[in-house]
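Student: The sequence and its predicted three-dimensional model are supplied below.
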Amino acid sequence: MKKDSIARTPIIMKHSLWSTKMMMIWMMALFFRCVGALIAAAKTIRYPNAASSIRGRRGPFVFHTPFVSGKQNDIISKPPSSFLLFATVTNTRGGSSSSSSKPINKLDSLMDKAQHHLREKDADQAFATLAEAYGIDPTSTQIAALFESCLRLKVVLAEETFYKWKNATATTTTTTDAAGNAPSEAELTNLFQDRMGLSSLFIDREEYDEAGMQLRKAIEEANYWLSYSLQLSDKSRSRLDLSNTQFAHWQPSIDRAQYLLYRTNAACCHWDTYFEDGHQLSQSVSHNLSPSGHVQRILHPFDALKFPCISLEVASKIAQSYAARALESHGLIIDTKERNCKQYRQRPTVTVNRKDLPKQERKIRIGYISPDFTSRHPLAFLMQHVFRYHDKSQFSVYIYSLSSKVDDGPEVKAIQESSDQFTYLSPSAMSPIELYQRMLQDELDIIVDLCGYAGTSIVAEIMASRCLLQQNDKHYKSVGNEEDRNTPHRLPIHVSYMGFPGSVGSARIWDYSIFDQVVIPPDDEYGIRQHYNEALVYMPQCYFVNSHKTVLGREGDGIMLANEEERIQLRSKYDIHPTAFVYCCHSRPDKIDPLTFRTWMRALSTARSEYFAKHSNESDSNSSGNGAPILWLLRSGKEMEENLRQLVRTEFGERMEDALLFADVSERNEHLRRLGCADVFLDTPAYNAHTLGCDALYMGLPMISLLRDNGDNSSTMASDNQANNSMRVRSTNDTDKLASRVGASLLRAAVLDDLVYPNMREYEDAMVKCAIDTEWFTSLRERLRLSISESPLFDTERWVRNLEASFMQMRTMSCNKANQFTDIIVNDT
């Protein structure tokens, strides 16, 4: 384990506190995940949407895999709560019922012994016995189940001791009197870690309420114990094996648990303490900001972009900290300038016209690198026909796949056929510097990183290898230098694109990021540009590319609905009334926030009232089988659905519960096809639809999105008790993060700018208008139909030509030995 892999361990303690037993707990947590992933893989196809490049997120067409962090296969743990004391302990050994007739071997004997210890509530002996059994058969599902039982028992026994002491402190006159019965730091550490480990298992089973309860208890117990210990004298504190300096070791652990609690509750739309927990998380991150601007890595950069409680400034610093980790992995020292992106705020800008660029004297060699060139990932789906549009007289295309397996899916085949060279590189067989040097053998001019911090840090470490070569190898020239063309000593320009929707946080590792003028206004009117320290390429339309038009076609492909009769038939399959107006959001549930959901419900309530007033004489007006408007969401476990239904019953009445409909995760083509059953797609303001936005628009669904303007004075802060006044409160989220501006960029490129609204009041009113103004809505859908064939959004070839213009400009500036990378604005002329 690397000493910098903070995200890899769910809690950060003194090394001496990590016992062999606790390490075994985390090994078993990983084992549970692997078993769960194998079972899930046998049932369905993993296909996360583009905004969920971080592994393990649930989209409309994905199976659930573990939450992960920035390191490759890093696992972030989380927690449970109501206890079955220990899972039913029986004599089943995972084999056939006749196994009892077989001779009892050593493994059987150990299993029986462990079960005996569990029945006797001897958790330590049970754990030691199971550890020995695990060494014999690490694949046994029964051993895994018994380890869970052991964890449950350990937590229950430790909990009894802790709360007995806690209750005693309430009746004791002095803190010194109770100090003798207080748990030691080691005891509290074990309880904390056991709760974290047990919660991780609940997360993998999508039992989020249980997980959240365990996380909250872990935080509360640690805070209570620390608060109590601070009141003790030095002498009493020594009895707890706690020194003054050791208090600092606890805060990162508690902060990490706070992050996991917020994330876990978001996964199931458990919003009872949403704003309070968000405030605590924001405070936790703030605690970890150093004077130099560095931030401890307690949460993942993707979550920093997604969580409304984290500001753009802090999210950018979190990205910087992950860039610093990539440099530190090579033993490189971080320049203080690298931590202060405001020094990069003022960059010169050059404008290029696509059609005015001269022909190149030689081909530009472009290398694209990603672990996601696989038919299971949306990156391959979105970009499968991008590479074939490169002008092969001007560009040579090299694809480097870090996928662990050879993939023969149609998306990957299309990419292979479009490239001059397709190479599989193995991160398990080669170090980051070796992988980078392998790419240098192809004499690349530009390397495009299509990953960023999306799920694995290996790509960031590969890209950071350039810095190591620059520092340690005098043979390597400056970036892009044209001297010694026939030697391998030139270093390519580095570009970040697509994988990570935000600043990658280092102009030292990446020279450019590719965006557009909607997601990052170049004049910095809103103070956004200053948080991006790399140079930027501004694409003329939407920066987010897709291959929908060439992949899906329009008719006869089995996905596009041919006529209204076919649409009605498909609606019947999903229990949707033939004439009901359907608001749809099939984004991951953790993208939905309570402010947005209450806005949706207010609009839906208004639209349904209009419907019932118009159809007051119909006998079925009070039944769920009528044609009243509905809200169609993606289901993510029973808890998520029940939490939303409970909120609706409480705040909007039982009758409104009939307005909710939930869809299960499906394979990709079915996901696309069923979108045709809906009427309007609702964008999530905090983190917009990316791939899903393209899906919805291409399938003919107008999308309503939010992009706050400077004059919007709507409150961005709220408290949990506002739920009781939700019919009157109108609050909103900030939209300064890039991921919250992509919907507006998609709509602008689709020539549907009027569906981007500056505040939630107009967003809500637009929802109502779609349902009740039939003439206006019919006209809107016709505009979208024409846009699909004519607008820049789905013109992949045109997009590639504009990208090539930026590449040519990059190379021209590098040939001229420019001292600073400038922002590039590409004109589509």
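Tutor: Received the coordinates, thanks. Numbering: from 1, shown residues only.
Student: Ile514 belongs to a strand, doesn't it?
Tutor: Yes. Under DSSP: H, G, I helix; E, B strand; the rest coil, Ile514 falls within a strand.
Student: isn't it right next to Cys542, touching?
Tutor: No. Look at Ile514 against Cys542 with C-beta atoms under 8 Å: they stay out of range, at 11.1 Å. Where you see a C-beta, it was placed from the backbone N, CA and C, and this is true even at glycine.
Student: Look at those two and report which has more neighbours.
Tutor: Each of Ile514 and Cys542 has its neighbours counted (other C-beta atoms under 10 Å); Cys542 has more, 25 against 20.
Student: From His548, how far out is the residue lying closest to that one once chain neighbours are set aside?
Tutor: Spatial nearest neighbour of Cys542, chain neighbours left out: Ala749 (3.7 Å); criterion: C-beta to C-beta, 6 or more residues apart in numbering. Computed as C-beta to C-beta, to the nearest Å, the Ala749 to His548 distance reads 12 Å.
Student: So between those two, which is more surrounded?
Tutor: Legend: neighbour count by other C-beta under 10 Å for Ala749 and His548, higher for Ala749 (26 against 21).
Student: need the contact list for the more buried one.
Tutor: Ala749 sits next to 541-542, 791-793 when contact means C-beta atoms under 8 Å, 6 or more residues apart in numbering.
Student: got those residues as a markdown table, with pLDDT columns?
Tutor: Below are the contacts of Ala749 laid out as a markdown table (pLDDT from 0 to 100):
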| residue | pLDDT |
| --- | --- |
| Gln541 | 94 |
| Cys542 | 97 |
| Ser791 | 93 |
| Pro792 | 96 |
| Leu793 | 97 |
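Student: For these, which single residue is the most surrounded?
Tutor: Sorting these by how many neighbours each has (other C-beta under 10 Å) puts Leu793 first, at 28 neighbours.
Student: Next up, the contacts around it.
Tutor: Leu793 neighbours (C-beta under 8 Å, 6+ apart): 541-542, 546, 694, 697, 746, 749-750, 787.
Student: Could you report the separation of the closest residue to it other than its chain neighbours from Leu188?
Tutor: In this structure, Leu793 finds its nearest non-sequential neighbour in Ala749, 3.9 Å apart by C-beta to C-beta, 6+ apart. Distance from Ala749 to Leu188, counting by C-beta to C-beta: 54 Å.
Student: Please apply the same query to Phe652.
Tutor: The gap separating Phe652 from Leu188 is 43 Å, by C-beta to C-beta.
Student: Who has more neighbours out of those two?
Tutor: The neighbour count for Phe652 versus Leu188, taken as other C-beta under 10 Å, is higher for Leu188 (24 against 18).
Student: Show the average pLDDT along whatever helix or strand the more buried one lives in.
Tutor: Element membership for Leu188, per DSSP states H and E: helix 185-204. For helix 185-204, mean pLDDT rounds to 90.
Student: what does stretch 419-433 give?
Tutor: Computed over stretch 419-433, the mean pLDDT rounds to 95.
Student: Give the buried residues for it.
Tutor: Neighbour-count burial for stretch 419-433 flags 419-420, 422, 425, 427, 432-433 (criterion: 16 or more other C-beta atoms under 10 Å).
Student: From the residues you listed, which land in helices?
Tutor: Judged by DSSP state H, the subset of the buried residues of stretch 419-433 located in helices is 432-433.
Student: Dump the buried residues of stretch 419-433 to a markdown table, plus distance to Ser321.
Tutor: Output for these, formatted as a markdown table (distance: C-beta to C-beta, whole Å):
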| residue | distance to Ser321 |
| --- | --- |
| Ser419 | 34 |
| Asp420 | 37 |
| Phe422 | 34 |
| Leu425 | 26 |
| Pro427 | 22 |
| Pro432 | 18 |
| Ile433 | 22 |
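Student: Just give me the closest of the buried residues of stretch 419-433 to Leu146.
Tutor: The nearest member of these to Leu146, counting by C-beta to C-beta, is Pro427 at 34.1 Å.
Student: From Glu434, how far off is the closest one?
Tutor: For Pro427, the distance to Glu434 equals 10 Å [C-beta to C-beta].
Student: all helices in the stretch 651-800 of the chain, in order from the N-terminus.
Tutor: Under the criterion DSSP state H, counting those that start in this stretch, the stretch 651-800 of the chain contains helices at 654-657, 668-675, 691-698, 742-749, 760-772, 774-790, 796-815.
Student: what about the longest helix anywhere in the chain, distance to the chain center?
Tutor: In the chain, with assignment by DSSP H, the single longest helix is helix 141-171. Helix 141-171 has its C-alpha centroid displaced from the chain centroid by 32 Å (C-alpha atoms, centre = their mean, to the nearest Å).
Student: Which elements pack onto that helix?
Tutor: Judged by 3 or more C-beta pairs under 8 Å, 6 or more residues apart in numbering; DSSP states H and E, helix 141-171 is in contact with helix 20-43, helix 106-119, helix 123-136, helix 175-179, helix 185-204, helix 208-230.
Student: quick one, what contacts Ala380?
Tutor: Contacts here follow C-beta under 8 Å, 6+ apart; on that basis Ala380 touches 372-374, 409, 411-412, 415.
Student: that older thread, what is the nearest of the contacts of Ala749 to His385?
Tutor: Closest approach to His385 among the contacts of Ala749 (C-beta to C-beta): Leu793, at 14.6 Å.
Student: how many other residues sit next to Glu313?
Tutor: Quick note: Glu313 (other C-beta under 10 Å) scores 16 neighbours.
Student: Model confidence for it, exactly?
Tutor: pLDDT at Glu313 comes out at 91.
Student: State the helix or strand in which it lies.
Tutor: Secondary structure assigned from DSSP H and E places Glu313 in helix 312-328.
Student: Check which element follows that helix along the chain.
Tutor: Of the helices and strands lying after helix 312-328 in sequence (DSSP H and E), the nearest is strand 349-353.
Student: which strands and helices sit next to that next one?
Tutor: Counting contacts by 3+ C-beta pairs under 8 Å, 6+ apart, strand 349-353 packs against helix 796-815, strand 823-827.
Student: what helices or strands is the first one leaning on?
Tutor: Read it as helix 796-815. Applying 3+ C-beta pairs under 8 Å, 6+ apart, one finds that helix 796-815 contacts strand 349-353, strand 364-370, strand 446-449, strand 493-496, strand 512-516, strand 535-539, strand 823-827.
Student: Where does pLDDT dip in the stretch 351-500 of the chain?
Tutor: Scanning the stretch 351-500 of the chain for pLDDT under 70 picks out the ranges 474-475, 477-489.
Student: Do you have the helices of it handy? List them.
Tutor: Using DSSP H, counting those that start in this stretch, the helices of the stretch 351-500 of the chain run over 378-383, 410-418, 432-440, 458-472.
Student: Return the most buried member of the ones you listed.
Tutor: Comparing those by mean neighbour count (mean count of other C-beta atoms under 10 Å), helix 378-383 ranks first with a mean of 26.
Student: quick revisit: which of the buried residues of stretch 419-433 lies closest to Leu440?
Tutor: Using C-beta to C-beta, the buried residues of stretch 419-433 come closest to Leu440 at Ile433, 10.3 Å.
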